[in-house]
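Student: what follows is a predicted protein model with its sequence.
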Amino acid sequence: MPAIRYFYTLKQKIYHSLKSADQQSKFFQLRQKYPYFIYQSYQIEHNEELLRLTFNFNLADCFHFSPVIEIPYRSFYSWKLPEASLQNLAFHIGMIELISYWKLSCAPQVIIRPHKLTETQLVFWKKLYYQGLGEFFYVNGITVSQENFMQISSEGNALKAVEQDFTNGVLVPVGGGKDSVVSLELLKEEERAIPLIINPRPASTHCALVAGFPEAQTAVVNRYLDPLMLELNQQGFLNGHTPFSALLAFVSLLIAAGTGCRHIALSNESSASEATVPGTDINHQYSKSLDFEQDFRAYVTSYIHPQLNYFSLLRPLNELQIAERFSRHTAYHQVFKSCNVGSKTDSWCGQCPKCLFTWIVLSPFLTSKELEKIFGKRMENDSTLIEMLESLAGQTAAKPFECVGTIDEVQAVLSWHLAKETAFAELPLLRLYFDSNPHRLVGDYQLTNLLQEHNHQHFVPQQWIKLMED
């Protein structure tokens with residue numbers, strides 16, 4: 001390692017160590033000052049225009065939060081479910097929504113007042129909270145065990161299972177990236193296929209439109225955070241990543257009940273199960289992982305409705321296979337977006353790990369001109385991205401905390417460019433990587449193998465297995 005990079009890395013480690021000690025101290029101080037968090041209640045309102053859920057949370061009787069979920073009317077909805085069924089579905093959305101507010105102080109005691117949960121349910125929730133906050137704890141420098149990070153107690157009446165007759169319709173959550181585009185293309189001709197979008201942005205809406213689904217044929221969910229939480233973040237309370245895909249999972253159950261669709265087809269690939277911090281369980285994509293999917297399916301069967309079928313259609317595939325399929329769907333190339341930084345402006349920032357990774361996995365299948373038209377720049381010419389590239393390729397303590405693919409996938413593409421002597425191989429970003437990391441090159445055979453592999457650990461229904469074999 002060059003001397004300059006060595007001292008830069010050492011400086012980073014010292015800074016991270018000092019920051020961790022400071023954050024650990026803040027963690028204990030906040031837990032002591034705000035020792036309990038209460039899920040107080042929830043309300044359900046629905047009329048001809050929308051269904052509204054309001055959740056009421058209480059942080060140690062000092063701060064009160066009331067986040068809201070609103071679902072605008074569509075002709076395919078029927079909310080004529082038994083009241084107990086709606087209560088079950090609404091309550092469970094509150095159970096995952098609360099984590100965004102609990103993390104402000106990480107109160108050691110969580111009290112659930114609306115309904116009584118079994119010990120098995122509490123085990124499920126405690127695991128989801130802890131694993132889903134793995135990145136939050138890591139980035140904030142907090143060391144705490146799953147056993148001790150919180151204790152959960154519950155009160156009230158037991159929940160009743162949902163009463164509903166489901167058809168073979170399929171919900172397809174759409175985020176506006178390449179993965180959900182591939183799922184939409186595979187399932188759009190199915191009877192009663194309905195896209196589902198939480199907090200629509202131009203990319204997600206446009207992808208649904210290209211697939212043939214105007215707004216009136218798309219299930220939309222609007223999520224409103226309580227602004228007090230954002231104010232407390234500014235005041236120095238704890239902040240960080242929460243498992244959004246788990247929220248999507250529980251919201252999708254409510255939409256499934258309202259539409260009568262039995263199937264919920266996610267677009268999580270096999271690569272999502274790889275740890276973000278190698279050698280640990282810390283995974284930015286935990287709620288997209290096979291582990292979460294398996295736990296969630298079991299929970300839904302036992303406590304919500306046994307006919308509901310939540311699965312990831314793309315689990316048999318890796319990121320490279322998905323990228324190859326997406327490259328064929330040229331109608332989406334100018335509307336899809338995966339960049340979180342540019343989400344508000346519907347653009348690619350060209351400077352974040354998500355942009356760089358998306359460029360990497362598409363580069364074997366699209367020309368330089370095609371990629372430049374998508375990203376608005378020649379990313380392979382930007383040598384300032386070298387440290388980000390090395391992080392994606394597994395040469396740092398952790399991968400970027402983004403929804404990116406595996407280290408093997410990144411290394412395989414980079415090596416393929418060198419072995420094939422593609423035009424990309426001689427451009428600044430890749431040349432700098434190749435020259436400084438010759439021992440990382442694995443040959444072009446690995447890309448070929450990854451494009452041919454098939455992950456057999458999945459829950460894709462038999463009727464759609466053949467779609468994954470193309």
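Tutor: Cool, got the structure.
Student: okay, now the domains of this structure?
Tutor: The chain breaks down by automatic domain parsing into domains covering 16-163+219-312, 338-452.
Student: could I get those as CSV with mean neighbour count, mean pLDDT and distance to E189?
Tutor: From N, CA and C alone the C-beta is placed, and that goes for glycine too. CSV is the format used below for these (neighbours: other C-beta atoms under 10 Å; pLDDT from 0 to 100; distance: least, C-beta to C-beta, whole Å):
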stretch, mean neighbour count, mean pLDDT, distance to E189
domain 16-163+219-312, 18, 95, 13
domain 338-452, 18, 85, 24
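Student: so which of these gets nearest R328?
Tutor: Relative to R328, the nearest member of the domains of the chain by C-beta to C-beta is domain 338-452, separated by 8.4 Å.
Student: and that closest one, how far out from the chain middle?
Tutor: Mean-position distance between domain 338-452 and its chain equals 21 Å (C-alpha atoms, centre = their mean, to the nearest Å).
Student: hang on, the earlier thing: now the domains of the chain as JSON lines including distance to V460?
Tutor: Formatted as JSON lines, these follow (distance: least, C-beta to C-beta, whole Å):
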{"stretch": "domain 16-163+219-312", "distance to V460": "6"}
{"stretch": "domain 338-452", "distance to V460": "18"}
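Student: quick one, which of those domains is nearest to I198?
Tutor: Of the domains of the chain, the one closest to I198 (C-beta to C-beta) turns out to be domain 16-163+219-312, at 4.6 Å.
Student: work out the gap between the closest one and the centre of the chain.
Tutor: 13 Å.
Student: next: stretch 329-337.
Tutor: Worked out by C-alpha atoms, centre = their mean, stretch 329-337 lies 21 Å from the chain centre.
Student: contacts for it next, please.
Tutor: With contact meaning C-beta atoms under 8 Å, 6 or more residues apart in numbering, stretch 329-337 is reached by 176-178, 181-182, 185, 201-203, 206-207, 210, 326, 343, 346-348, 370, 373-374.
Student: mind checking the SS state of E135?
Tutor: helix (DSSP: H, G, I helix; E, B strand; the rest coil).
Student: that one touches F401, doesn't it?
Tutor: Yes: using C-beta atoms under 8 Å, E135 is in contact with F401, at 5.4 Å.
Student: so who does L30 touch?
Tutor: By C-beta under 8 Å, 6+ apart, the neighbours of L30 are 104-106, 237-238.
Student: what's the distance between L389 and Q146?
Tutor: Distance check for L389 against Q146: by C-beta to C-beta, to the nearest Å, it reads 34 Å.
Student: tell me where the protein has strands.
Tutor: For the chain, the strands defined by DSSP state E occupy 36-46, 50-59, 63-65, 68-72, 109-112, 115-116, 151-154, 157-158, 167-173, 193-198, 219-224, 261-266, 309-312.
Student: turn those strands into JSON lines, columns for distance to L414.
Tutor: Output for the strands of the chain, formatted as JSON lines (distance: least, C-beta to C-beta, whole Å):
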{"stretch": "strand 36-46", "distance to L414": "45"}
{"stretch": "strand 50-59", "distance to L414": "46"}
{"stretch": "strand 63-65", "distance to L414": "45"}
{"stretch": "strand 68-72", "distance to L414": "42"}
{"stretch": "strand 109-112", "distance to L414": "45"}
{"stretch": "strand 115-116", "distance to L414": "51"}
{"stretch": "strand 151-154", "distance to L414": "45"}
{"stretch": "strand 157-158", "distance to L414": "54"}
{"stretch": "strand 167-173", "distance to L414": "31"}
{"stretch": "strand 193-198", "distance to L414": "34"}
{"stretch": "strand 219-224", "distance to L414": "38"}
{"stretch": "strand 261-266", "distance to L414": "29"}
{"stretch": "strand 309-312", "distance to L414": "27"}
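Student: any common contacting residues for E135 and F401?
Tutor: Both E135 and F401 are contacted by 241, 276, 284, under the criterion C-beta under 8 Å, 6+ apart.
Student: could you pull out the helices in the stretch 101-250 of the chain for me?
Tutor: Taking DSSP state H, counting those that start in this stretch as the test, the helices found in the stretch 101-250 of the chain are 119-132, 134-139, 178-187, 202-210, 227-234, 244-259.
Student: columns distance to N381 on top of those helices, output as JSON lines?
Tutor: JSON lines is the format used below for these (distance: least, C-beta to C-beta, whole Å):
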{"stretch": "helix 119-132", "distance to N381": "38"}
{"stretch": "helix 134-139", "distance to N381": "31"}
{"stretch": "helix 178-187", "distance to N381": "23"}
{"stretch": "helix 202-210", "distance to N381": "25"}
{"stretch": "helix 227-234", "distance to N381": "37"}
{"stretch": "helix 244-259", "distance to N381": "33"}
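Student: among the ones you listed, which comes closest to Q43?
Tutor: Nearest to Q43, of all those, is helix 244-259, at 14.5 Å by C-beta to C-beta.
Student: I'd like to know which elements that closest one is packed against.
Tutor: On a contact count with 3 or more C-beta pairs under 8 Å, 6 or more residues apart in numbering; DSSP states H and E, helix 244-259 meets strand 68-72, helix 83-97, strand 167-173, strand 193-198, strand 219-224, strand 261-266, helix 290-303, strand 309-312.
Student: for the closest residue to I255 other than its chain neighbours, list each beta-bridge partner.
Tutor: Nearest residue to I255 in three dimensions, chain neighbours excluded: A219, at 5.1 Å (C-beta to C-beta, 6 or more residues apart in numbering). As for beta bridges, A219 partners with L196 under DSSP bridges.
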